[in-house]
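K.L.:
Everything below, folded, please.
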Amino acid sequence: LPLLIKLSGGEYLARFRLLFSVLLCFNIVLLVFSSARGASLSLLLSSLVILLVIKPIALRLMLKLSLLTLAAFALYWLMFVILPPYFGFTITDSIRLRTDSSYRFELWLICLDMIKQSPLFGIGPMGFAATPNEFSLSHPHNSVLQLAAEWGLIATAIVLFFYTKGLIAFWRLCLDQTVATERRMYRVSLLWSFLAASIYSLFSGVIVMPMSQLVGALIIGLMLAEYRSSKIALSQQAVTL
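P.N.:
A predicted model of the protein is given here:
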């Protein structure tokens, strides 16, 4: 968001960059507090991929995020470890390291059984939620397995084909060195966000949650708009619905 503001809002909105950095810092605090292993792993893996394929621009973004992460850990330690005793209480599980799978493996096995039942066309949309399981969970916490189980392997292959095609096209757009640095940082940020969410969808239910669906649609829309604007000269663009 700070990059978006810098590109489109001029100096007025640029004043709020510090505020958004603080909000991002608090989000990382919540990430640590909630022991969200899937989200943390997704951020780490997507960061490594982006750093490997788009080094110069990604390195600058990575340094900024690393500084915010260090600040977030310091704030977390202050809020949940150092300060509580001064107010007469102690948070015993301030650092929680979970080692169980949170039923992920069991849910994935259920999905595989559903795929075996109807491999080509699936058991139908919302089929997993409609099928009772002993864990009382309505989604399998894996986007690809859920798609394959409910819509079938044919639909899954089509979706993954266009997903891969789009990802490669936008990655090539990020490598374009003829545009300004800020524009490249914006593109890399979009690709980074999209990749992190994609990896996270393999461990969580982000594809079925309204908030993450909305954010995902916004990011994909911004990526499509950026790709389209890069391919069509401004003088030739038409206002279309």
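K.L.:
center of this structure - which residue?
P.N.:
Most central residue of the chain, judged by C-alpha distance to the mean C-alpha position with CA atoms, centre = their mean, is Ala197 at 2.2 Å.
K.L.:
buried stuff in the longest helix along the chain?
P.N.:
The helix of greatest length in the chain, counted in residues with DSSP state H as the criterion, is given as helix 143-174. Within helix 143-174, the residues that count as buried by 16 or more other CB atoms under 10 Å are 143-153, 156, 170-171, 173-174. (Each C-beta comes from the backbone N, C-alpha and C, glycine too.)
K.L.:
Stretch 22-38 now?
P.N.:
Taking 16+ other CB under 10 Å as the criterion, stretch 22-38 shows 24-25, 28-29, 31-32, 36, 38 as buried.
K.L.:
Let me know the closest of those to Phe135.
P.N.:
Closest approach to Phe135 among these (CB to CB): Gly38, at 16.6 Å.
K.L.:
before we move on, which element is the closest one in?
P.N.:
If you go by DSSP states H and E, Gly38 is part of helix 37-53.
K.L.:
same question, Arg60
P.N.:
Secondary structure assigned from DSSP H and E places Arg60 in helix 55-77.
K.L.:
Just want the angle from the following helix or strand past that helix to helix 143-174.
P.N.:
Next along the chain after helix 55-77, taking DSSP H and E as the criterion, comes helix 104-117. Between the axes of helix 104-117 and helix 143-174, defined by axes from the mean of the first three to the mean of the last three CA atoms, to 10 degrees, the angle is 100 degrees.
K.L.:
So for helix 104-117, what gets flagged as buried?
P.N.:
For helix 104-117, a neighbour-count test (16+ other CB under 10 Å) marks 104, 107-108, 110-111, 114-115 as buried.
K.L.:
Then stretch 216-233?
P.N.:
Burial within stretch 216-233, assessed by neighbour count using 16+ other CB under 10 Å, is assigned to 216, 219-220, 222-223, 226-227.
K.L.:
Rounded mean pLDDT for that stretch, please.
P.N.:
The average of the pLDDT scores along stretch 216-233 is 87.
K.L.:
quick one: contacts of that stretch?
P.N.:
Applying CB atoms under 8 Å, 6 or more residues apart in numbering, the external contacts of stretch 216-233 come out as 166, 169-170, 173, 176, 179, 186-187, 190-191, 193-194, 197, 206-207, 237.
K.L.:
With only the CA atoms kept, save it in PDB.
P.N.:
Extracted C-alpha coordinates of stretch 216-233, given in PDB (Å, rounded to 0.1, in the frame of the first residue of the first chain):
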ATOM      1  CA  GLY A 216      -7.200 -11.600  -3.700                       C
ATOM      2  CA  ALA A 217      -9.600 -10.200  -6.300                       C
ATOM      3  CA  LEU A 218      -8.100  -6.700  -5.700                       C
ATOM      4  CA  ILE A 219      -4.600  -7.900  -6.200                       C
ATOM      5  CA  ILE A 220      -5.400 -10.000  -9.300                       C
ATOM      6  CA  GLY A 221      -7.300  -7.000 -10.700                       C
ATOM      7  CA  LEU A 222      -4.300  -4.700 -10.100                       C
ATOM      8  CA  MET A 223      -2.000  -7.200 -11.800                       C
ATOM      9  CA  LEU A 224      -4.300  -7.500 -14.800                       C
ATOM     10  CA  ALA A 225      -4.600  -3.700 -15.100                       C
ATOM     11  CA  GLU A 226      -0.800  -3.300 -14.800                       C
ATOM     12  CA  TYR A 227      -0.200  -6.000 -17.500                       C
ATOM     13  CA  ARG A 228      -2.800  -4.400 -19.800                       C
ATOM     14  CA  SER A 229      -1.400  -0.900 -19.400                       C
ATOM     15  CA  SER A 230       2.100  -2.200 -20.200                       C
ATOM     16  CA  LYS A 231       1.000  -3.700 -23.400                       C
ATOM     17  CA  ILE A 232      -1.200  -0.900 -24.800                       C
ATOM     18  CA  ALA A 233       0.200   2.500 -25.600                       C
END
